[in-house]
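Asks: got a predicted structure here, sequence first:
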Amino acid sequence: MKVRFCYYFLLAILLVSCDRSLAPAPHGPLPSERQLAWHDLEYYAFIHFNMNTFTNMEWGMGDEKPEWFNPTELDTRQWARVAKEAGMKGIIITAKHHDGFCLWPSAYTEHSVKNSPWRDGNGDLLRELSDACKEYGLKFGVYLSPWDRNHADYGKPEYLDYFRNQLRELLTNYGEVFEVWFDGANGGTGYYGGANENRKIDNRTYYQWDTVFKIVRELQPMACIFSDGGPDVRWVGNEEGWARPTNWSLLKRDDFAPGIAENLEHLRAGQEDGTHWLPAEVDVSIRPGWYYHPYEDHKVKTLPQLLDIYYHSVGRNASLLLNFPVDTRGLIHENDVNAVMKLAEALKADFAHDLAAGQKISASNVRGNSRKFKVENMLDGKKETYWAADDEVTSASVTIEFKEPTTFNRFLVQEYIPLGQRVRKFRVEALVDGNWQTLAEETTIGYKRILRLPTTTATQIRFTIDDAKACPVIANLQVFNAPKVLEAPVVRRNQAGDVTISAGEEGVEVYYTTDGTDPGTGSARYEGPFKLDKKGLVAAVAVNPQSGETGPVTRQEFDIPSTQWILLGEPGKNQRASAPFDGNPATSLVVNQPLPVDFIIDLGEVVKLKGFEYLPDQSRYSAGVIRNYEISVSNDGRNFSQPVSSGEFGNIANSPVWQRITFDPVTARMVRFRALSVVTGSDRAGIAEFNILTE
Ligand code: FUL
């Protein structure tokens, strides 16, 4: 009996030790509980709102007066509503930026809202925002700039107490904080309590980061700490809105420190052999600047740009921290609201219907043939269940068989990251008319990877992991058919008279007319540039070839082409002399000459002029924006008429958009566009585009 018992006991032990249904062992650095919670957020808002909003700056010097901070309609509930409706999960606010002004009545400085006229000095913006976040079910996070250009002690050990005290205030008084944001900009010129000097610090040692991190852990154990090198969330190495397609949530963390971003490439792609779990956060503003500037009201990112940002961040194993530069009223500007809502709608449509759900799925290997790790786990919508392969298997295929031919263009896959990031290389293929076609060959997956694929109709889809650091563990797989983005096409004509039309989305067809009629699928289909060497109107529309759906129509008028035009005189000697006539708003001619500056254009023929159009430089910090102008004409380029038009481009500093001026018709061959003055902050005159209007 005893022998028998021993026999069964040993057999049981043997079976358990061979039981392939045991979960795979974790591989490599693993995410902490707080990092796992953070991964789930994916998309949240940044708000840059502080003293810079009122000084129209990006970085204040620290000598600003608290009285200047005076929002007239501040409403943090509007911010929270917008973030919530946009599908975001939280808000991080610039509690203190580099200029040192505090949005909360800190007990440790006078440089705060308590000395501002806002709410008669009784306001606490962090209180209002944290309350609004609670009301709307959003997480709340704080940006506390280590660099403080206001504080007299910055650079000395005394400042560290101040900094830590402020951190304690932020982490004690406003409920749960999900992320603490430490920016990398550190040390330099500043006001520093009136010293007005340049103070350099050693980023690695000055702040004694370990002590700072301990405070965060003590007061907010679930808060993730962001900086160039974490320790919980890393900067992605650019502020343009993208991570690399290969993106490991791993980094050799000890090689990095806040403010020391020596190797941007590693921040962008992570490190396969990283020593710590350190996922990337993509921070980017919905406008060119982080802070509000009225002159950027027309520079809010477009839907195609925002979609690219989403797919290049959330779609590449990073989170997306999208910034709203709240305006001087204290509201998210209407243009920004429209843009982010368009993005929300588009994302909703992209992921509306999972085509993989409920389909037949099989795998080349299932761990221990166990039900626990069955391949169907990838389709069950639960993040705790996953498909896993046997330990020795580092390449495997999963095939989905559709009940009927199915059209798709998005592929979404997620590793089960509590066990580590494993996949090095994978591929997606489709069975189209009986033949396997490769749609994508990619590298890492991580928490989430979303591929934008060419629209394909197939009976099967095959996901193959070609290489992994350890057996694959995949939690989720989804397939979608995202509708085409049908934006109003951009129609341009270059100096040669060639018209190009772009719809900003692959796989969309464009139709156009040149006779003023409405464009549609019955009109000419745009296949490439075409000539328009006279006055004309191009009307264009984008069409989804699958559904026949059409987008908004663009109607672009063109006057006589600039083919013969020559810029005479000094500005004409500049190499970019053709930039004002090249039909490309992204190129400009900016002239380094004292005002007034004359731009004399020989049109090459005598025309009847009745006006002109001017577009100033469109780069982030618009250069040479002309405010006051004068137009004269001539037939020989030497003797010019009295001005046929002169005046001011109203509000051009704040709104550097197309200006259209008309005047009584006059016949001439030469036009002199004289820049009399430029907007404040500019000492040069420039032109991105110049058109004339003829009778
Ligand atoms: C940068 C800062 O210097 C900017 O002003 C902004 O706050 C951005 C998010 O981080 O490095």
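Replies: It's in.
Asks: contact residues of this structure facing the ligand?
Replies: The chain comes close to the ligand at residues 58-59, 183-185, 283, 290, as judged by C-beta under 6 Å from any ligand atom. C-betas here are computed from N, CA, C, even on glycine.
Asks: residue contacts, whichever residue of the chain sits closest to the ligand?
Replies: In the chain, the residue that lies nearest the ligand is A185 (3.9 Å; C-beta to the nearest ligand atom). If you count contacts by C-beta atoms under 8 Å, 6 or more residues apart in numbering, A185 has them with 59, 98, 145, 147, 259.
Asks: for T667, same thing?
Replies: Applying C-beta under 8 Å, 6+ apart to T667 gives the contacts 606-609.
Asks: top of the contacts of A185 by neighbour count?
Replies: Of all those, W147 has the most neighbours under the rule other C-beta atoms under 10 Å, reaching 28 neighbours.
Asks: any idea how far it lies from A396?
Replies: Distance of W147 to A396, given as C-beta to C-beta, to the nearest Å: 49 Å.
Asks: then E613?
Replies: Distance from E613 to A396, by C-beta to C-beta: 60 Å.
Asks: related to what we said a few turns ago, over to the residue of the chain closest to the ligand: give its phi and psi.
Replies: Main-chain dihedrals, A185, degrees, to the nearest 10: phi -70, psi 120.
Asks: following the strand or helix carrying Q166, which helix or strand shows up next?
Replies: Using DSSP states H and E, Q166 falls within helix 157-172. For helix 157-172, the succeeding helix or strand toward the C-terminus, using DSSP H and E, is strand 179-181.
Asks: would you map out the domains in this protein?
Replies: Per automatic domain parsing, the structural domains of the chain span 33-350, 360-480, 490-558, 566-694.
Asks: ok so, going back, which of the contacts of T667 tops the neighbour count?
Replies: Neighbour counts for those peak at L609, which has 25 neighbours (criterion: other C-beta under 10 Å).
Asks: what sits against that residue?
Replies: Contacts for L609 (C-beta under 8 Å, 6+ apart) come out as 633, 644, 663, 665-668, 671, 692-695.
Asks: again, only using 6 Å
Replies: 666, 692 (C-beta atoms under 6 Å, 6 or more residues apart in numbering).
Asks: so what are the sheet partners of the host helix or strand of it and their directions?
Replies: According to DSSP H and E, L609 maps onto strand 597-615. Sheet pairing of strand 597-615 (DSSP bridges) gives strand 566-568 (antiparallel), strand 659-678 (antiparallel), strand 689-694 (antiparallel).
Asks: now the domains of the chain as JSON lines including distance to L22?
Replies: Formatted as JSON lines, these follow (distance: least, C-beta to C-beta, whole Å):
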{"stretch": "domain 33-350", "distance to L22": "22"}
{"stretch": "domain 360-480", "distance to L22": "8"}
{"stretch": "domain 490-558", "distance to L22": "45"}
{"stretch": "domain 566-694", "distance to L22": "55"}
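Asks: wait, which of those is closest to A25?
Replies: With C-beta to C-beta, the closest approach to A25 among the domains of the chain belongs to domain 360-480: 7.8 Å.
Asks: end to end, how far does that closest one reach?
Replies: From its first residue to its last, domain 360-480 covers 16 Å (C-alpha to C-alpha, to the nearest Å).
Asks: distance from it to the middle of the chain?
Replies: 28 Å (C-alpha atoms, centre = their mean, to the nearest Å).
Asks: now swap in stretch 34-53 and tell me
Replies: Here the centre of stretch 34-53 is set off from its chain's centre by 13 Å, with C-alpha atoms, centre = their mean.
Asks: quick one: end-to-end distance for it.
Replies: OK, stretch 34-53 end separation, C-alpha to C-alpha: 33 Å.
Asks: follow-up on the earlier one: neighbour-wise, which of E613 and A396 wins?
Replies: The neighbour comparison of E613 against A396 (other C-beta under 10 Å) goes to A396, with 23 against 16.
Asks: how much space between that one and Q564?
Replies: Separation of A396 from Q564 (C-beta to C-beta) stands at 65 Å.
Asks: ok, the closest residue to V606 other than its chain neighbours - contacts?
Replies: Spatial nearest neighbour of V606, excluding adjacent residues (C-beta to C-beta, 6 or more residues apart in numbering): R669 at 4.7 Å. Shown in contact with R669 (C-beta under 6 Å, 6+ apart): 603, 606, 635.
Asks: can you report how many residues neighbour the first one?
Replies: It refers to L603. Neighbours around L603, by other C-beta under 10 Å: 19.
Asks: partners of the one helix or strand R410 maps to in the sheet?
Replies: Using DSSP H and E, R410 maps to strand 396-415. Sheet pairing for strand 396-415, assigned by DSSP bridges, gives strand 360-363 (antiparallel), strand 449-468 (antiparallel), strand 473-480 (antiparallel).
Asks: quick one: buried residues of that strand?
Replies: Using 16 or more other C-beta atoms under 10 Å as the test for burial, strand 396-415 gives 396-400, 402, 406, 408-415.
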